[in-house]
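> Just a sequence and a predicted model for now, questions to come.
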Amino acid sequence: MSLLKKLAGETALYGLSSIIGRFINYLILVPLYTRVFAPGEYGVVSQLYAYSGFLMVLFSYRLESAFFRFGNEQTDRQNVYSTAMLSLIGSTTLLVASILLFSGTIADWLQYAAHPEYIRYFALIIGLDCLCELPFAKLRLEQRPRHFVAARLLNIGVNILFTLFWLVVCPWAATQGFSWINAVWSPQVGVGYVFLSNLIASAVTVLFLLPQIRRIQLHFDWVLWKKMIRYAAPLMIAGFAGIANEMLDRAVMPYLLTGTDKENMATLGIYSATYKLAMMITLFTQAYRYAAEPFFFRTAQNADSLKLQADSTKWFTIIGTVGMLGILLFLDIIKWFLGSRFQSGLDAVPVLLLANLFLGLFYNFSVWYRLKDRTMTGAWISIFGALLTLLLNIWWVPLMGYMGAAWATLACYIFMSGATWWTGRVLHPVPYPLARMGAFVGLALVLYMVSLWIKPLLPGTGLPLLGNGVLMGGYLGVVWMEYRRRA
């Protein structure tokens, strides 16, 4: 139990950057974007960030996971870190230079011919973020979450600061007739300021992590590098497939919807803004992964490692359902994070929340093939998941619009989590309490259905919210009893 509490403590620290930091980001930026930009303009932002997810996997080629695998022993860590870092510096420089050189052609291909600068911004953003991947991984492996959190929060803070400056302060200053505004701001840039703010934040993060980056030795171990690439290559394939599962719907939706180009981009913008509400579960998952991945490698040789993984997955599920139910019961309040033009997509939130919970379960179940060096198994599961996502989007989006994309996401993550659990039963038989985990998920969904049933019976808005508060309190009481049962 002490090791489980240690994992919970590290997850809480990482949560400062992934949950609290990103929540502040969403609290400020999502409401701002959905009020400053039209749905079609926000669709541009969403689509480009979807593409960037694929590029990030290409740029990093999952060397951070190979670093966890081969740098777990203190005696080997510096050699592993230096070899991986030198590899990333060289490949990132080459890839960024190539994209900058052909930015005009790429912009034409992506139908952004009027804004090739968007492509240049993203090349630099991804390149800088890639250089931070291994320093961040090293901080995680060395159990230095405070330094990790500081860098993440700095990135978020700088991004928010410059976004507010360009999208709020500068437009206000222009209306007041300040002469200096023409030197730093132009209304024609529009959504470009979203990307510029991100670029500056990424550059500041690299500067903050520069002491970690500079601690490399100018020695490249070719034998070790080949081992790392063999380990990471299937994870890179899985990474591409995973990004496809996560972002393919937003990348291809404008081409599958049956409206005009303008209407399709507006629908994409609405769906993407709605997805932000569901991603609150993903933020918790991300914090958990930051702590859990190196933690499970460190404790893999412990006698009770399998039980530890089972217990941590159970509590991940329980806490995830608390977040899911909280969002669903108080969606009438939470929806005001979005501008009124974006609230028509709220019917997708329950489906997307459940989908992201299953995504978190997939990450938990996937520990086995990382520990057993069976990463190709994970790659195949992710590939089949990506194909399922693509086929279901092609089938369902023209029929159901953005709801088709939401249901496709849920179907994909149910398949991936189930397949990963099934394939790991023999080689890494973790005794997951599936019945108990399913009971908590089922209870949360039942309570949500009860809230929908009682809402028309209670007048006004205060009484339904009070009733939902009672339902939430009851669920938290059940969670507390589960904790006391195992304490």
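Happy to help now that I have it. Numbering: from 1, shown residues only.

> which SS class is Pro187?
Using DSSP: H, G, I helix; E, B strand; the rest coil, the structure places Pro187 in coil.

> Let me see the contact set for it.
171, 174 (Cβ atoms under 8 Å, 6 or more residues apart in numbering). C-beta: built from backbone N, CA, C; applies to glycine.

> Report the separation between it and Val36.
Here the distance between Pro187 and Val36 works out to 11 Å (Cβ to Cβ, to the nearest Å).

> go on, Val478?
From Val478 across to Val36, the span is 42 Å (Cβ to Cβ).

> quick one: which of those two has more around it?
Taking neighbours as other Cβ atoms under 10 Å, Val478 and Val36 compare with Val36 leading, 18 against 15.

> What about the closest residue to that one other than its chain neighbours, how many residues nearby?
Nearest non-adjacent residue to Val36, counting by Cβ to Cβ, 6 or more residues apart in numbering: Leu167, 5.4 Å away. Counted with other Cβ under 10 Å, the neighbours of Leu167 add up to 21.

> Quick check: buried residues in the helix or strand Phe148 falls within?
Taking DSSP states H and E as the criterion, Phe148 maps to helix 145-164. For helix 145-164, the neighbour count (16 or more other Cβ atoms under 10 Å) marks 145, 147-149, 151-152, 154-156, 158-160, 162-163 as buried.

> Which elements pack onto it?
Under the contact criterion of 3 or more Cβ pairs under 8 Å, 6 or more residues apart in numbering; DSSP states H and E, helix 145-164 touches helix 2-15, helix 21-36, helix 116-141, helix 192-208, helix 261-298.

> and those as CSV, adding distance to Thr313?
Below are the helices and strands packed on helix 145-164 laid out as CSV (distance: least, Cβ to Cβ, whole Å):
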stretch, distance to Thr313
helix 2-15, 11
helix 21-36, 23
helix 116-141, 19
helix 192-208, 31
helix 261-298, 9
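
> just to revisit the earlier point, please pull up the helix or strand immediately following the helix holding Phe148.
Moving toward the C-terminus from helix 145-164, the next helix or strand (DSSP H and E) is helix 170-175.

> and that following helix, what other elements does it pack with?
Helices and strands touching helix 170-175, by 3+ Cβ pairs under 8 Å, 6+ apart, are helix 181-184.

> and the closest residue to Phe136 other than its chain neighbours, how far is that from Lys138?
Here the nearest residue to Phe136 in space, its sequence neighbours aside, is Phe148; by Cβ to Cβ, 6+ apart that works out to 6.2 Å. Computed as Cβ to Cβ, the Phe148 to Lys138 distance reads 9 Å.

> What's the local residue count around the nearest residue to Glu263 once chain neighbours are set aside?
Using Cβ to Cβ, 6+ apart and skipping the chain neighbours, the partner closest in space to Glu263 is Leu257 (7.4 Å). By other Cβ under 10 Å, the residues close to Leu257 number 22.

> what sits against Leu257?
Residues near Leu257 by Cβ under 8 Å, 6+ apart: 263-264, 267-268, 397-398, 401.

> Which among the residues you listed count as buried?
Among the contacts of Leu257, those classed as buried by 16+ other Cβ under 10 Å are 264, 267-268, 397, 401.

> The residue nearest to Val36 against Leu32, yeah?
Yes. Contact status for Leu167 versus Leu32: in contact at 6.2 Å, counting by Cβ atoms under 8 Å.

> Nearest to the spatial middle of the protein, which residue is it?
By Cα atoms, centre = their mean, the chain has its centre lying nearest to Thr282, at 5.7 Å.

> so which helix or strand takes in the nearest residue to that residue once chain neighbours are set aside?
What sits nearest to Thr282 in space, not counting adjacent residues and going by Cβ to Cβ, 6+ apart, is Asn356, at 5.0 Å. Using DSSP H and E, Asn356 sits in helix 349-365.
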